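> Quick one: sequence and predicted model below, then my questions.
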Amino acid sequence: MDAELQALVDAARAVRERAHAPYSKFRVGAALVTASGEVFTGANVENASLGLTLCAERTAMSAAVSAGHRAFTRIVIVTQRDEAIQPCGACRQFLAEFASDLEIVAVGESGVVDTRTLQQLLPGQFALED
Ligand code: THU
């Protein structure tokens, strides 16, 4: 793992500690890189009304979009599982809004790295063209 990726994994692991996951106990952290090279992080935020839960990927992208960013190159995702876990379907569509071919790097606690593109994970993306 190169130093740049390691820094993103460290950032995702740090924000994972701030997850609000009292129901699933499944903590997730994400580090999203903007086209200008800034990094925004997000953790999952659960709610007693379970369907309102926000995934880490959507939290990270919402923070970045709220800060004015609209273009992204890469997202790194960690959970507390040994295997690398790729984003849920809802997050795939959410990420596609601003980065139709985002690089998605899922990193397991065993050190396994699973890199995909959003086109691979969500072919035939739904989009409304201008
Ligand atoms: N979760 C994420 O944060 N990202 C995903 O891509 C899938 C699931 C969260 C939502 C919920 O808080 C917990 O993991 C269990 O589903």
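Perfect, I can see it now.
> Double-check Thr59 against Val45; I have them as touching.
Yes: the criterion here is C-beta atoms under 8 Å, and Thr59 meets it with Val45 at 6.1 Å. Heads up, the C-betas are built off the backbone N, CA and C, glycines and all.
> quick one, which of the two is more surrounded?
The neighbour comparison of Thr59 against Val45 (other C-beta atoms under 10 Å) goes to Thr59, with 23 against 16.
> What does the pLDDT read for that one?
The per-residue pLDDT reported for Thr59 equals 98.
> for it, what are its contacts?
Shown here is Thr59, whose contacts under the criterion C-beta atoms under 8 Å, 6 or more residues apart in numbering are 30, 42-45.
> likewise Ala60?
Applying C-beta under 8 Å, 6+ apart as the definition, the contact partners of Ala60 turn out to be 15, 30-32, 40-42, 75.
> any idea which helix or strand carries the spatially most central residue of the chain?
The central residue of the chain, meaning the one whose C-alpha is nearest the mean C-alpha position (C-alpha atoms, centre = their mean), is Glu57 at 3.1 Å. For Glu57, the host element (DSSP states H and E) is helix 56-66.
> buried sites along that helix?
By neighbour count on 16 or more other C-beta atoms under 10 Å, the buried set for helix 56-66 is 56-61, 64-65.
> so which of these also contact the ligand?
Among those, the ones lying close to the ligand by the criterion of C-beta under 6 Å from any ligand atom are 56-57.
> from the buried residues of helix 56-66, which single one is nearest the ligand?
Minimum separation from the ligand among these (C-beta to the nearest ligand atom) is found for Ala56, which lies at 3.9 Å.
> so what's Ala71 closest to, chain neighbours aside?
Closest residue to Ala71 in three dimensions, ignoring its sequence neighbours and counting by C-beta to C-beta, 6 or more residues apart in numbering: Ala35, at 3.7 Å.
> So which residues of the protein form strands?
Assignment of strands within the chain using DSSP state E yields the ranges 29-34, 39-43, 72-78, 103-107, 113-117.
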